[in-house]
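Novice: A predicted structure for the sequence below; I have some questions about it.
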Amino acid sequence: MLRFQRGRIARGGARSRAGLTMVEVLVATVIITLLMLTTSVALSNDLGTVSRAEKVTDAGLFLSSIVEDLGEQSYANLLAMNGNQFFDRNDADDSRFSVQLSVFLTAADLLQVELILTDLETGRELGRAATLRTNR
């Protein structure tokens with residue numbers, strides 16, 4: 001049986017309703033909110049990972065520059081530098097990284113040079129490097 005109601009034809013006495021109920025809108029809002037929250041957490045984690053990677057890269061470049069500078073030093077100067085600490089900035093208080101230098105004689109005319117790279121913000125050791133140097 002067809003009936004005419006407000007410009008529409010309804011079948012079997014059922015009323016035709018357009019639009020969404022309040023519950024449907026609420027469920028859709030909750031789902032969208034959860035998706036946005038998940039996306040923002042994932043993005044935040046990714047940004048943290050990128051920041052840590054940049055920090056490790058900067059530390060590695062600093063250590064590499066110290067090794068390069070030490071390569072230009074004479075044998076006698078290297079031995080005299082034992083115990084020195086180098087910072088990545090002019091002021092130790094503003095520095096993010098330090099390198100502790102240990103130089104010692106391992107055999108006749110053979111020096112072992114050890115470097116320890118430290119993150120000054122966390123106090124963690126980030127890496128070590130060691131090399132041997134002969135008296136040229």
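Specialist: The structure has been received and is ready for your questions. Numbering: from 1, shown residues only.

Novice: the helix or strand containing residue 37 packs against which elements?
Specialist: Using DSSP states H and E, residue 37 maps to helix 22-71. Using 3 or more Cβ pairs under 8 Å, 6 or more residues apart in numbering; DSSP states H and E, the elements in contact with helix 22-71 are strand 97-107, strand 110-119, strand 125-134. C-beta here means a position set from N, CA and C on the backbone, and glycine is covered the same way.

Novice: can you add mean neighbour count and distance to residue 68 and give those strands back as a markdown table?
Specialist: Listed next are the helices and strands packed on helix 22-71 as a markdown table, based on neighbours: other Cβ atoms under 10 Å; distance: least, Cβ to Cβ, whole Å:
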| stretch | mean neighbour count | distance to residue 68 |
| --- | --- | --- |
| strand 97-107 | 16 | 12 |
| strand 110-119 | 17 | 12 |
| strand 125-134 | 13 | 11 |
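
Novice: can I get the ones you listed in JSON lines with distance to residue 44 and mean pLDDT?
Specialist: Listed next are these as JSON lines, based on distance: least, Cβ to Cβ, whole Å; pLDDT from 0 to 100:
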{"stretch": "strand 97-107", "distance to residue 44": "25", "mean pLDDT": "94"}
{"stretch": "strand 110-119", "distance to residue 44": "22", "mean pLDDT": "95"}
{"stretch": "strand 125-134", "distance to residue 44": "24", "mean pLDDT": "92"}
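
Novice: residue 76: which of those is closest?
Specialist: Comparison of the helices and strands packed on helix 22-71 against residue 76 by Cβ to Cβ identifies strand 110-119 as nearest, at 10.0 Å.

Novice: between that closest one and strand 125-134, how many degrees?
Specialist: 160 degrees (axes from the mean of the first three to the mean of the last three Cα atoms, to 10 degrees).

Novice: I'd like to know which elements strand 110-119 is packed against.
Specialist: Using 3+ Cβ pairs under 8 Å, 6+ apart: strand 110-119 touches helix 22-71, helix 75-80, strand 97-107, strand 125-134.

Novice: deepest in the core, which of the ones you listed is it.
Specialist: strand 97-107 (a mean of 16; mean count of other Cβ atoms under 10 Å).

Novice: parallel or antiparallel, which strands does that one pair with?
Specialist: The sheet places strand 97-107 alongside strand 85-87 (antiparallel), strand 110-119 (antiparallel), with pairing taken from DSSP bridges.
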